[in-house]
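Colleague: the amino acid sequence is not available; the structure is as follows:
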């Protein structure tokens, strides 16, 4: 998956992945979604769920000016 993609997490009856209008949709059970919400932090890192086979990696985002120079990094 490229860095330009968006992912929408939502509750579902069972875990599944779909794609609509350029957005990847990841459905998790209510239990899996609750675990994900409790585990994720707004920082760079790798977060693995215990009850659902899912690992989420948050990577830094580089904000660039019109010349391509990095002016801010969101960790």
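Modeller: That came through fine. Here the structure is a predicted model, which is why all the values come from computation and not from measurement.

Colleague: using the three-state scheme, assign the closest residue to residue 52 other than its chain neighbours.
Modeller: Spatial nearest neighbour of residue 52, chain neighbours left out: residue 32 (3.8 Å); criterion: Cβ to Cβ, 6 or more residues apart in numbering. Quick note: C-beta positions are derived from backbone N, CA and C, even for glycine. Secondary structure state of residue 32, per DSSP: H, G, I helix; E, B strand; the rest coil, is helix.

Colleague: what's the answer for residue 35, then?
Modeller: Reducing the assignment to helix, strand or coil with three-state DSSP, the entry for residue 35 is helix.

Colleague: how much space between it and residue 46?
Modeller: As defined by Cβ to Cβ, to the nearest Å, residue 35 lies at a distance of 15 Å from residue 46.

Colleague: neighbour count: these two, which is higher?
Modeller: Between residue 35 and residue 46, residue 35 has the larger neighbour count (other Cβ atoms under 10 Å), namely 18 against 9.

Colleague: where does the residue of the chain most remote from its centre land on pLDDT?
Modeller: Among residues of the chain, the one most distant from the C-alpha centroid is residue 67; the distance is 28.2 Å, by Cα atoms, centre = their mean. Reading off the per-residue confidence, residue 67 sits at a pLDDT of 94.

Colleague: sec struct for it, please.
Modeller: Three-state secondary structure (criterion: three-state DSSP) places residue 67 in coil.

Colleague: any idea how far it lies from residue 73?
Modeller: Separation of residue 67 from residue 73 (Cβ to Cβ) stands at 17 Å.

Colleague: try residue 39
Modeller: 23 Å.

Colleague: between these two, tell me which one has more neighbours.
Modeller: Of the pair residue 39 and residue 73, residue 39 is the one with more neighbours under other Cβ under 10 Å, namely 13 against 10.

Colleague: residues contacting the more buried one?
Modeller: 47, 49 (Cβ atoms under 8 Å, 6 or more residues apart in numbering).
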